[in-house]
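Undergrad: for reference, the sequence and a predicted model appear below.
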Amino acid sequence: MKAAVIVFPAATSDRDTKVCLEQSTGKPVHMVWHGDTEIPDVDLIVLPGGFSYGDYLRCGAMASHSPIMKEVKSRAKQGVHVLGICNGFQILCESGLLPGVLMRNAGLKFICKDVDLRVENDTTPFTRGYGKGQAVRIPVSHHDGNYFADDAALEKLEDEGRVAFRYLANPNGSRADIAGILNDKGNVLGMMPHPERLADAQLGGTDGRPMFDALTEALS
Amino acid sequence: MSEITPDVIASHGFTEDEYEEVLRIMGREPNLTELGVFSVMWSEHCSYKSSKKWLKTLPTEAPWVICGPGENAGVIDIGDNQAVIFKMESHNHPSFIEPYQGAATGVGGIMRDVFTMGARPIANLNALRFGAPEHRKTRHLVAGVVAGIGDYGNCMGVPTVGGECEFHASYDGNILVNAMTVGLADAGNIFYSAAAGVGNPVVYVGSKTGRDGIHGATMASAEFCEDSEEKRPTVQVGDPFTEKLLLEACLELMATDAIVAIQDMGAAGLTSSSFEMASKGGVGIEMDLDQVPQREENMTAYEMLLSESQERMLMVLQPGKEKMARAVFEKWELDFAVVGTLTDTGRMVIRHQGEVVADLPIDPLASASPEYNRPWTPTPAAPAISPADVPAPDSLTGVLKTLIGTPDLCSKRWIWEQYDHMVMTDTIGRPGGDAALVRVHGTKKALAMSSDCTPRYCLADPVQGGRQTVAESWRNVTATGATPLAITDNMNFGNPEKPEIMGQFVGCIEGMREACMALDYPVISGNVSLYNETRGTAICPTPTIGGVGLIEDSAKAVDSAFPAEGQAIILIGETRGHLGSSLYLREIAGGEDGAPPPVDLAAERRNGDFVRGLILAGQATACHDLSGGGLAVALAEMAMAGDMGAAIEPANGDLPLHAWLFGEDQARYLLTVGDAESVLAAAAEAGVPAAVIGTTGAKELTLGKNETISVADLKTAHEVWLPGFMAAPDTFE
């Protein structure tokens, strides 16, 4: 699998994501500057965590208008897999690739801790490394992870099996305990938790690693 | 330009003698701009005029020290052509006036100090001291400071991995916010601040200059009074997004050969950075303020020179590199302006709108600034308190439960969960333990880092307190298996013009000096914050120590959690049941008196080296340093971390059991081991006191007959206070 990580100004998890992808794929990852307009021929595009544009205006809002996003949208439409983690999820929502929005945490504070998730959909290349219903421990680290979609959008997500992960103990007030969702074609995943942060036993866990291993296997 | 009246002179913080010296140096009356420059450069904050005589006595050298105090931060060698750069700095006064921005810009400032030397910051720590919980401002200050630290560090993508937070009424009107950054650099590519090369361009990069923070350094050099809260305009406003861009842009340019010297604009902004660079390099500067990027209209020379707008750097470039350097900063959408040229005059000549607005000699303002030998009186010795004189409690486990739920000892999870402590994916020892452990990216090595101070000891006996603070830092680093390498000191004290306060400072420095010498733990950077007084009441003397150590193979590191059932628990070090100035005395017996525990530095060294050896040999499966609350609190912490109990068989001999459990004797550690006999034999051979005091297992901690408490109850008691306090409604009258 060939992968690219988009580097927005004040991306903070770009290197962590690169390290994790390289660990699973054994191949160098393309780091693509947000101001560019082209992405190399890759199988996976990752929008990493961070504070693009300082979270000014609204998280992900300004980054969704970065020059590179036109190409990300075009590739997603062509079926290339796109993974948005944390700020990447926010950018995917702001750019219309995923429905809904991430609001300020219900507790109004930044939260960084390990949380337990339930895998709700194990049929995509992102999630087939897990079993449906499996509990996995993956950290969150965000101020604005409170997922909201209106009733109609939420019903559609549920009916189409597009909720990928749900919190077992909701840390941020997300509707329906949603931690991650898929687009209608199943090739775009946005999630607030950071799988790249627990993919190394020395860091205290490896539940994030199956995501990258499964993507590598499915997209090679 | 305004007239220089006695009022103007006094409002700039000059004594009569100091102003006479200004006149002597200038040979004429200074104009207002020049007076402002003198004022900030000679402020306590920038000149260290009361403290430098004593700071010079601290040991600053070791074979592994690449750069000691005097630069933006200190540098140590960690092998493999890698260097670690670190420093701690206070932002006390601004954080009291405006806690969110004050704390945020404190974090921003210390990170700039580290990356200006060529390091990528890899970890932040902070030491916070607030007033009594019942003080009406405390909750507001805690909320603002923690949010400010979190928002700045989080956006920078630098994990905040450790620190401390305590509460005491002496900080009611003067909180302490001490922020530390640790960075990693290529040992062959470290950047210093000495300007060189007459004719070379002086370049300003980063954010535009505004009117914020004018006279921040002067404010930080005076006692607080009734109107201090009206000084909010002197607090700077932080923009972590710009700082993140500045970090990346600086590191990108540092990978080329364009930079001769670089210095961040911190306290006293453009003035301090330009004077320090010129002074260190023995050169002069001609500066044109019209070239300075400005955020506001019609700024005067005075305002531009004294602004403490954040996220700015001053550099001297190699000639001909301006275009390439400009392209780097423009890529990151940052300002870049050539604002001056180096000269051979030794003078700072500043132009604004075509006129010379300041013409000042450099050395008398920077390296030759005043140095005072302030009168000081030694702190009277506190009476020793015998363990037998402190009444025993009804219930030992009841006391333990109370102690671990007190503001000082309770879990600080509410704080550190607001900090991204995992980004960069190298945090292998998360907050809450003895020292945080952060891998050196891409290697087997890891750095242990800790921040420590015990102000109640420093108040009772500054010399012992100074020793203890350094020793505790050394123990915390040691308890992970790392070798302590160096410290940064952040000296927070009251008004140095009072002999008893100066005596506290002198005493703490003496104790620190002795400990640094005995433990091979030199001071490589630091910061002094004086005048921490409000309405004449001083804070407890608080010399915060930030320590850093190295473990070559991070797989050998241990933490403090009970790791498995059936492990022997070994107490290392001698227990005499010292309760003077202890938390037991304060929280249970209701006293804050008594001499603090004496620190035997030879025992510290011997016991610590022994413990580290065991850890590295794989003979210790967990390790915890003993500090506030003594043995019982350390046992509880190990139990809670491991979610596992232990049965303790008290070995108190002639000591009252409560003194054995809660005494705060120094040079002690708790270990868990699989093979107790061989560890005891090795300890006997090394002359290290060691005794098996119990065994791990079950879900309860048993301290003796009828003294059992469940680990779940301990955890509840430990976790409940801080979130409850922060959620309680404010009770403003």
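TA: Ah, there it is.

Undergrad: identify the bridge partners of the nearest residue to A:Val188 once chain neighbours are set aside.
TA: With sequence-adjacent residues excluded and distances taken as CB to CB, 6 or more residues apart in numbering or on different chains, A:Val188 is closest to A:Val82, at 4.6 Å. C-beta coordinates here come from the backbone N, C-alpha and C atoms, glycine included. Beta-bridge partners for A:Val82, by DSSP bridges, are A:Ile45, A:Val188.

Undergrad: which ones are touching A:Val82?
TA: Neighbour list for A:Val82: A:44-47, A:72, A:75-76, A:92, A:97, A:187-189 [criterion: CB atoms under 8 Å, 6 or more residues apart in numbering or on different chains].

Undergrad: same deal with B:Gly131?
TA: B:Gly131 touches B:137-138, B:141, B:167-173, B:175, counting by CB under 8 Å, 6+ apart.

Undergrad: got TSV for the contacts of A:Val82, with neighbour count and pLDDT too?
TA: Shown next, in TSV, are these (neighbours: other CB atoms under 10 Å in any protein chain shown; pLDDT from 0 to 100):
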residue	neighbour count	pLDDT
A:Leu44	24	98
A:Ile45	25	98
A:Val46	27	98
A:Leu47	35	98
A:Val72	26	98
A:Arg75	18	98
A:Ala76	20	98
A:Leu92	31	98
A:Leu97	21	98
A:Asn187	21	98
A:Val188	26	98
A:Leu189	28	98
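
Undergrad: before we move on, back to that, from the contacts of B:Gly131, keep the buried residues only.
TA: B:137-138, B:141, B:167-168, B:170-173, B:175 (16 or more other CB atoms under 10 Å in any protein chain shown).

Undergrad: and the helices in chain A?
TA: If DSSP state H is used as the criterion, the helices of chain A fall at A:14-25, A:68-78, A:87-94, A:151-159, A:209-218.

Undergrad: return the residues of chain A in contact with chain B.
TA: Counting by CB under 8 Å from any CB of the partner chain, the residues of chain A close to chain B are A:9-13, A:15-16, A:19-20, A:49-51, A:53-56, A:109-113, A:139, A:141, A:143, A:194, A:196-197, A:200, A:202-204.

Undergrad: ChimeraX command to pick out the buried ones of the residues you listed?
TA: Buried subset of these, written as a ChimeraX selection, criterion 16+ other CB under 10 Å:
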select /A:9,10,11,12,13,15,16,19,20,49,50,51,53,54,55,109,110,111,112,139,141,143,194,196,197,200,202,203,204
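
Undergrad: skip the chain neighbours and tell me the closest residue to residue 186.
TA: Here I'm looking at chain A. Using CB to CB, 6+ apart, the closest residue to A:Gly186 is A:Thr124 (4.9 Å).

Undergrad: other chain: chain B
TA: Nearest to B:Asp186 is B:Asn81, by CB to CB, 6+ apart, at 6.4 Å.

Undergrad: wait, which of the buried ones among the contacts of B:Gly131 is closest to chain A?
TA: B:Leu141 (15.9 Å; CB to the nearest CB).

Undergrad: if I read this right, B:Ser207 contacts B:Ser309, doesn't it?
TA: Yes. Using CB atoms under 8 Å, B:Ser207 is in contact with B:Ser309, at 5.9 Å.

Undergrad: what do the two both touch?
TA: In contact with both B:Ser207 and B:Ser309: B:Arg295, using CB under 8 Å, 6+ apart.

Undergrad: looking at those two, which one has more neighbours?
TA: B:Ser309 (26 against 21; other CB atoms under 10 Å in any protein chain shown).

Undergrad: now the helices for the stretch 151-300 of chain B?
TA: B:216-219, B:240-254, B:269-281 (DSSP state H, counting those that start in this stretch).

Undergrad: average model confidence for the first one?
TA: Over the span of helix B:216-219, the pLDDT mean works out to 61.

Undergrad: and for stretch B:293-309?
TA: 92.

Undergrad: chain center to that stretch, what's the gap?
TA: 30 Å (CA atoms, centre = their mean, to the nearest Å).
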